[in-house]
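**Student:** Prediction below, plus the sequence it came from.
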Number of protein chains: 2
Amino acid sequence: MENRTEIATLGEFGLIEHLTKNFETHNASTVVSVGDDAAVIDHFGKQTVVTTDLLVEGIHFDLMYTPLKYLGYKSVVVNLSDIYAMNATPTQITMSIAFSNRFSVEALDEFYEGVYAACEKYGVDLIGGDTSSSQKGFIISVTALGEVEPDKFVKRSTAQKGDLICVSGDVGAAFLGLTLLEREKKIYLENPKIQPDFEGETYTVQRLLKPEARKDIIEFFAANNIVPTAMMDVSDGISSEVLHLCRQSNLGCRLYEDKLPMNNDMRNAAFKFGLDPTVCALNGGEDYELIFTLKQEDYDKITLNEDISVIGYMGELEEGSKIITKGGNTFNITAQGWNAFVK
Amino acid sequence: MENRTEIATLGEFGLIEHLTKNFETHNASTVVSVGDDAAVIDHFGKQTVVTTDLLVEGIHFDLMYTPLKYLGYKSVVVNLSDIYAMNATPTQITMSIAFSNRFSVEALDEFYEGVYAACEKYGVDLIGGDTSSSQKGFIISVTALGEVEPDKFVKRSTAQKGDLICVSGDVGAAFLGLTLLEREKKIYLENPKIQPDFEGETYTVQRLLKPEARKDIIEFFAANNIVPTAMMDVSDGISSEVLHLCRQSNLGCRLYEDKLPMNNDMRNAAFKFGLDPTVCALNGGEDYELIFTLKQEDYDKITLNEDISVIGYMGELEEGSKIITKGGNTFNITAQGWNAFVK
């Protein structure tokens, strides 16, 4: 082969764009294709929403500190989160796994217990999948399908200038759970006699290992006649996701540091590690909260919900994407989210 | 862990049954779930059909003799084959891949060229996916969606006693393509100066590396008002698939050796390797033909199509599943198809 471009030079999103740029759709039923949290298919009475994720041991999870049951649960939840991020209701999943011969049936049972628990909790059906061997490690592929009333789905590219930027729950805790578990792993590998110290860290660890998808927020929208102008889930971090919303909507934005929702346990964990909680909140991934934009006139409707914070607003493209600190300084937002191709 | 059951003791289908036995469906829209070629979802005007496959380097394919472009093509085709096997029309796919750092962008481009070619040929849309790193090797996960008129889908479990067993095209050639490529690989590894010898083997090699899905057969059914009573695709071999149809329909069967459709190049290749062509036709996998059962009164309709062979009929459960040889002897059919868990 004459040319060799390293994949790392493109990054994950660049690679997806690169690989899919020549694809055209053939079917009238394909309403939304590559480029959003999930795809939308029109099937007359309702529209079907589809999303998929591939999770690889050693890249996306570490079985040294991830119980298989939680892993099964999380594998489902992260896909459902993408369906909710389209303002849709998940209805079915397929689950494929491949594993080396170090896994026993009991280990897979444990994994499927978690899958089953998530399906129960969110009311989705497991409708298919595939299982096979792998040469090394555990590989998980999940596809989730969901339904939405015709054209009620919410994309990333439809935010308008002046819209409020809102986020559900709190952010940054999963990253601190990961930091903690990685530290304990290192200590354990150096001296297996030392027991892990998770005191006061239940929240951050749980946020990493057993996240939930924000079904309640979508139900709140429906009950209160709210349709966000744009939406996505927070898997790579607020900074990264806000820049996606800006780029795809062709706008800029202003965020306010003092509005970023943080949990107290997360703040304490950050201080313990000598990290700035704001940096963790902006750049920590895997929170699976929803970030969405809203017409200003809908502001009154969301004040009913204590679990939604307004963190800024969408502005002109030319004004850039910036964050205003507590001290009144203004900085450009940069995506420092997780990138699977740069190690 | 106290108990440890080796996965090999269950086998692939046993494992799937084991893992999914506690799942119940929640949504009225879930018409067909785990246990067939694909799942069916009711969406008012049409029903959506979903199937998924996970392909792992070193387990399902060998990049030493599989051009990436063909691999991309085949990854799509094997999933479309499952959709056709439901008597449905594929409409969309999602494609997720994970790969180690030995792959370049150009290599992935080549792979996606094949994906793109298959999408074009079969008129399906690539609507999503996921890309990430792997610790080792290339991993591919494809999900295909299709449409079918309400309740026109064809399952495996609905064959009736006396129905004709039919198969499209010819069988066994892909297995001989594999045998040939494995031989050439071994020779090459022993002495890299010896060039591979594929003389007269184009057909068998092509059947393995670039299979096609039987879109034409489904179109023939529609044009001639034929609805098979049961159907599946031939991925593990005729023996294995016939036993699936029998078990799931709670019936037995009779096959006739002299009716098994074989290509001449395949026969010659078998003789060259000292193999019995009938054994190759029965147990060789990856042909991606359709095997289906038909009411006897529909026999006249299929004689129009030279690419469909009647190979036997469904009988009583108590009479077993047997094959009658050219010499008039009767043998039990045993599944010797590919099993990913027993090496």
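**Tutor:** Here it is on my side, so go on.
**Student:** Every contact and neighbour count from this point should use C-alpha atoms.
**Tutor:** OK.
**Student:** list the contacts for residue A:252?
**Tutor:** Residue A:252 sits next to A:246, A:314, A:315, A:316, A:317, A:318, A:319, A:320, A:321, A:322 when contact means CA atoms under 8 Å, 6 or more residues apart in numbering or on different chains.
**Student:** Quick one, grab the pLDDT at it.
**Tutor:** Note on residue A:252: pLDDT of 97.
**Student:** Could you check how far the closest residue in space to it that isn't next to it in sequence is from residue A:243?
**Tutor:** Spatial nearest neighbour of residue A:252, excluding adjacent residues (CA to CA, 6 or more residues apart in numbering or on different chains): residue A:317 at 4.2 Å. If you measure residue A:317 against residue A:243 using CA to CA, to the nearest Å, the figure is 11 Å.
**Student:** Counting neighbours, go ahead and name the busier of the two.
**Tutor:** Shown here are residue A:317 and residue A:243; by other CA atoms under 10 Å in any protein chain shown, residue A:243 has more neighbours (20 against 15).
**Student:** And the helices in the stretch 201-343 of chain A?
**Tutor:** Taking DSSP state H, counting those that start in this stretch to define them, one finds helices in the stretch 201-343 of chain A at A:202-209, A:215-223, A:238-249, A:264-272, A:277-283, A:299-302.
**Student:** And the strands in the stretch 51-200 of chain A?
**Tutor:** A:89-99, A:125-133, A:139-148, A:164-168 (DSSP state E, counting those that start in this stretch).
**Student:** which one of these lies closest to residue B:327?
**Tutor:** strand A:125-133 (38.9 Å; CA to CA).
**Student:** Distance from that closest one to the middle of the chain?
**Tutor:** 23 Å (CA atoms, centre = their mean, to the nearest Å).
**Student:** Partner strands of it, with direction?
**Tutor:** strand A:89-99 (parallel) (DSSP bridges).
**Student:** hmm, who's touching the partner strand?
**Tutor:** Taking CA under 8 Å, 6+ apart as the rule, strand A:89-99 contacts A:49, A:76, A:80, A:83-84, A:122-148, B:27, B:30, B:51-54, B:56.
**Student:** okay, the angle between that strand and helix A:215-223?
**Tutor:** Angle between the axes of strand A:89-99 and helix A:215-223 is 160 degrees (criterion: axes from the mean of the first three to the mean of the last three CA atoms, to 10 degrees).
**Student:** What distance do you get for residue A:267 to residue A:170?
**Tutor:** Applying CA to CA to residue A:267 and residue A:170 gives a distance of 11 Å.
**Student:** What is the burial count for the residue lying closest to residue A:332 once chain neighbours are set aside?
**Tutor:** Among residues not flanking residue A:332 along the chain, residue A:322 sits closest, at 4.4 Å (CA to CA, 6+ apart). If you count neighbours by other CA under 10 Å, residue A:322 ends up with 21.
**Student:** ok, now which ones touch residue A:322?
**Tutor:** A:252, A:253, A:254, A:255, A:330, A:331, A:332, A:333.
**Student:** One more pass at 7 Å, please.
**Tutor:** A:253, A:254, A:255, A:330, A:331, A:332, A:333 (CA atoms under 7 Å, 6 or more residues apart in numbering or on different chains).
**Student:** now those residues in TSV, with neighbour count?
**Tutor:** Below are the contacts of residue A:322 laid out as TSV (neighbours: other CA atoms under 10 Å in any protein chain shown):
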residue	neighbour count
A:253	27
A:254	24
A:255	24
A:330	16
A:331	14
A:332	12
A:333	20
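**Student:** Please narrow those to those residing in strands.
**Tutor:** Residues of the contacts of residue A:322 located in strands (DSSP state E): A:253, A:254, A:255, A:330, A:331, A:332.
**Student:** Kindly indicate which of these lies nearest residue B:63.
**Tutor:** Closest to residue B:63, out of all of the ones in strands among the contacts of residue A:322 and judged by CA to CA, is residue A:332, at 44.8 Å.
**Student:** Tell me which residues touch that closest one, please.
**Tutor:** A:321, A:322, A:323.
**Student:** and the residues you listed, which of them are in strands?
**Tutor:** Mapping those onto strands (DSSP E) picks out A:321, A:322, A:323.
**Student:** ok, how many other residues are close to the first one?
**Tutor:** By the other CA under 10 Å criterion, the neighbourhood of residue A:321 contains 24 residues.
**Student:** surely it meets residue A:333?
**Tutor:** Yes. Under the criterion of CA atoms under 7 Å, residue A:321 is in contact with residue A:333, at a separation of 5.8 Å.
**Student:** pull the helix or strand with minimum mean pLDDT from chain A.
**Tutor:** Least confident helix or strand, chain A: strand A:30-32 with a mean of 50, by mean pLDDT, DSSP states H and E.
**Student:** Count the neighbours of residue A:204 for me.
**Tutor:** Using other CA under 10 Å: residue A:204 sits among 25 other residues.
**Student:** I'd say it and residue A:176 touch.
**Tutor:** Yes. Contact criterion CA under 7 Å: residue A:204 and residue A:176 qualify, at 6.0 Å.
**Student:** shared neighbours of those two, anything?
**Tutor:** Jointly contacting residue A:204 and residue A:176 under the rule CA under 7 Å, 6+ apart are residue A:266.
**Student:** Tell me, what's the model's pLDDT at the residue nearest in space to the middle of chain A?
**Tutor:** The centroid of chain A falls nearest to residue A:235 when counting by CA atoms, centre = their mean (2.4 Å). For residue A:235, the model assigns a pLDDT of 91.
**Student:** Okay, domains of chain A per the record?
**Tutor:** A:29-148, A:164-332 (automatic domain parsing).
**Student:** Let me know which of those domains is tucked in deepest.
**Tutor:** domain A:29-148 (a mean of 22; mean count of other CA atoms under 10 Å in any protein chain shown).
**Student:** residue ranges with poor pLDDT in chain A?
**Tutor:** Scanning chain A for pLDDT under 70 picks out A:1-3, A:7-8, A:10-44, A:336-343.
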